[in-house]
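J.: Need coordinates for the following:
(2 chains)
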Protein chains: 2
Amino acid sequence: MSLLVAGSVAFDSIKTPAGQLHDTLGGAAVYFSLAASFHGPVRLVGVVGGDFPEENRRLLARRGIDLAGLETVAGGKTFRWAGEYFDNMNRRETLSVELNVLKDFQPKLPATFRDTEFVFLANSAPRTQMSVLEQVRSPRFVMADTMDLWIQTQRQDLLDLLERIDGLVINDSEALLLTGAGNLVEAGKEILDLGPGRAIIKKGENGAMLFTREQVVPLPAFPVHDVKDPTGAGDSFAGGLMGYLARSKRLDGAGFKAALAHGAVVASLCVEEFGVRRLLEAEAGEVEHRFQRFCELLRIE
Amino acid sequence: MSLLVAGSVAFDSIKTPAGQLHDTLGGAAVYFSLAASFHGPVRLVGVVGGDFPEENRRLLARRGIDLAGLETVAGGKTFRWAGEYFDNMNRRETLSVELNVLKDFQPKLPATFRDTEFVFLANSAPRTQMSVLEQVRSPRFVMADTMDLWIQTQRQDLLDLLERIDGLVINDSEALLLTGAGNLVEAGKEILDLGPGRAIIKKGENGAMLFTREQVVPLPAFPVHDVKDPTGAGDSFAGGLMGYLARSKRLDGAGFKAALAHGAVVASLCVEEFGVRRLLEAEAGEVEHRFQRFCELLRIE
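T.: Residues are numbered from 1 along each chain as shown, chains lettered A, B, ... in the order given. A predicted model of the protein is given here:
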């Protein structure tokens, strides 16, 4: 299997009704990689500053994450994000963002990464995502995430990217913003009209919907009894999904549905503890066990 | 099979972004009965005024709904409700309510109804629900619905009822209000502590969650491409669920899950047209076909 993610590596400061954590390892590429690593090795493309500790590299490397694509700007500082969750975790407010080394980052793929088959372009400017894509020789399946900022300010770049990728994962509110649709089912179908063969609309604790040209598949979230920190749930979801796809190579309808369920399962693990703690603790057997439990919960006969 | 519903029969005036309908046949007991009637006969307990047309009786009777428990107050007017939906159908505003004959209604069960096995107490004052329950000799499975008004104003009566029933169906916001819980998973478990062995939290377009003492089962909604009118979706859901239970008599975990899916399927039909139109048009074969499709969508392997 070969799976690559390009995206942010960060220090997060998180406050939720359940507690807080300061300057902890985070970022879309980190959550994605850890979630995908239950299925096999992951290649990470990103940037950090000289303040990024060796210990974090060891944590990631131990999980089979190849850091050859993690650029270090010796005199720079790592990207920092701070946010707080309110209203039973349903509302998030960004308290501060320091782009730091991420500001002028131009991703360059190591030669060893250019043959990657499965590629995830985590949320960043569509042109940056496109430049990563152009450095991969002949990818088999490319999925991207995006956000309201790019939909509003770099729409044409985003539309150009959509014509080049196989799947888009996007939040519910952003799906409506991107398409102008009146409901999510309409929005999902309109995203397919923009290019990708698969659209996945994420609805947080309400699960996700998969759209293909053949069908609309609704999937609930795996029920979590005590959500401590929703940070990284969306990127973990994408990591579980792509990790399973890259391992199983099942790109048909049934396989993609199983991949979606793997995404939901690892996202449910992620939110049970602060930051990446739970993803670091968990083992592949636990993920597989929860996946089997999820399939059983959804089996109706 | 014997299945009874006690609840409102109404004239609804509905406005949604897709259109409007004036003084149309509605009410919880009507939506429930029509939805349940795909599975077998239904006994209806309710009240109407002298203005309730013979044609409506014929519509219901043709679907196997026994109206022996539908009291008619000759000089009175039927209950009327008017409401409007906004924001992609996600927000509902009640424009007017005329209780009319419902105001002093004391349900009296015909002798032929007293042996009913499956009983649904649609939303009304908990004491009225209790008085219906007390007229059924030895029910096998009793489920009730409720609303914010009773939670806030007749809490003790509601708690007394909860100790006597086997299942509660309730909206997400009302589940939080009833229990004071911080999230729905916690709320569902706390409802079980109040008495019923099953709690079903309805989340509208986001599906439902079933709580038993053994497990938490999440179920998405069946995807609807074009929602015209959400009125009656919750009562249709309960009708499909109870209708299937009464027919199959499967009260174990797997059977209840199938019942839940039948609820979701008939609710998805209901919202595709205004008022009860779609429920009147549909045939049992179409319901069964959509149920099979739903099971297939949720089967992960």
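J.: Now do the same contact list for A:L70.
T.: With contact taken as Cβ atoms under 8 Å, 6 or more residues apart in numbering or on different chains, A:L70 is in contact with A:9, A:44-48, A:57. Where you see a C-beta, it was placed from the backbone N, CA and C, and this is true even at glycine.
J.: For those, work out which two are farthest apart.
T.: A:V45 and A:R57 (14.6 Å; Cβ to Cβ).
J.: Counting neighbours around each, name which of the two comes out higher.
T.: A:V45 (28 against 15; other Cβ atoms under 10 Å in any protein chain shown).
J.: Quick check: can you name the pairing partners of whichever strand or helix holds the more buried one and their directions?
T.: Assigned by DSSP states H and E, A:V45 belongs to strand A:42-49. Strand pairing for strand A:42-49, using DSSP bridges, gives strand A:3-6 (parallel), strand A:65-73 (parallel).
J.: Need the residues that contact the helix or strand that comes right after that strand.
T.: Proceeding N to C from strand A:42-49, the next assigned helix or strand is helix A:54-62, under DSSP H and E. Applying Cβ under 8 Å, 6+ apart, the contact partners of helix A:54-62 are A:25, A:30, A:33-34, A:44, A:67, A:70, A:280.
J.: Is the helix or strand A:A254 falls within positioned near chain B?
T.: Here A:A254 sits within helix A:253-270, counting by DSSP H and E. Yes: shown here: helix A:253-270 in contact with chain B (Cβ under 8 Å from any Cβ of the partner chain) through A:254, A:257-258, A:261.
J.: can those residues go into a markdown table with extra columns for distance to B:S173?
T.: Formatted as a markdown table, the residues of helix A:253-270 next to chain B follow (distance: Cβ to Cβ, whole Å):
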| residue | distance to B:S173 |
| --- | --- |
| A:A254 | 36 |
| A:K257 | 31 |
| A:A258 | 33 |
| A:A261 | 28 |
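J.: ok, so of the residues you listed, who is nearest A:I165?
T.: A:K257 (19.7 Å).
J.: Name all residues that make contact with the residue of the stretch 1-150 of chain A found nearest chain B.
T.: Nearest residue of the stretch 1-150 of chain A to chain B (Cβ to the nearest Cβ) works out as A:N88 at 5.4 Å. Neighbouring residues of A:N88 by Cβ under 8 Å, 6+ apart: A:17, B:182-183.
J.: Please indicate which of those residues has the highest neighbour count?
T.: Neighbour-wise, the contacts of A:N88 (other Cβ under 10 Å) top out at B:N183, 19 neighbours.
J.: Give me the phi and psi for A:V287.
T.: Phi and psi for A:V287, reported as degrees, to the nearest 10, are phi -60, psi -50.
J.: burial of it, as a residue count?
T.: 21.
J.: pretty sure A:A144 belongs to a strand, no?
T.: Yes: counting by DSSP: H, G, I helix; E, B strand; the rest coil, A:A144 is part of a strand.
J.: okay, now it: neighbour count?
T.: Neighbour number of A:A144 under other Cβ under 10 Å is 28.
J.: do the same with A:R299
T.: 14.
J.: Same check on A:T94?
T.: Neighbours of A:T94 using other Cβ under 10 Å come to 9.
J.: in stretch A:98-113, what's buried?
T.: Residues of stretch A:98-113 classed as buried: A:100-102, A:105, A:107, A:109, A:113 (neighbour count, 16 or more other Cβ atoms under 10 Å in any protein chain shown).
J.: Would you enumerate the residues in contact with A:E301?
T.: Counted by Cβ under 8 Å, 6+ apart, A:E301 has contacts B:254, B:258, B:295.
J.: Please repeat the previous calculation with a cut-off of 10 Å.
T.: Shown in contact with A:E301 (Cβ atoms under 10 Å, 6 or more residues apart in numbering or on different chains): B:254-255, B:257-258, B:261, B:295, B:299.
J.: Which of these ranks first by neighbour count?
T.: Most neighbours among the contacts of A:E301, by other Cβ under 10 Å: B:A261, with 25 neighbours.
J.: close enough to count as contact, it and B:E288?
T.: No: applying Cβ atoms under 10 Å, one finds B:A261 not in contact with B:E288, separated by 11.5 Å.
J.: where do the helices sit along the stretch 1-150 of chain A?
T.: For the stretch 1-150 of chain A, the helices defined by DSSP state H, counting those that start in this stretch cover A:28-36, A:54-62, A:126-134, A:148-153.
J.: Run through who's touching the third one.
T.: Meaning helix A:126-134. Helix A:126-134 has contacts (Cβ under 10 Å, 6+ apart) with A:4-7, A:45, A:69, A:102, A:105-109, A:113, A:119-125, A:139, A:142, A:144-146, A:150-151, A:154-162, A:164-165.
J.: buried ones in it?
T.: Residues of helix A:126-134 classed as buried by neighbour count (16+ other Cβ under 10 Å): A:126, A:128-133.
J.: ok, now which ones touch the residue positioned nearest the centre of chain A?
T.: Nearest residue to the geometric centre of chain A (Cα atoms, centre = their mean): A:D235, 2.4 Å. If you count contacts by Cβ under 10 Å, 6+ apart, A:D235 has them with A:5, A:7-8, A:26-36, A:120, A:122-123, A:145, A:169, A:267, A:270.
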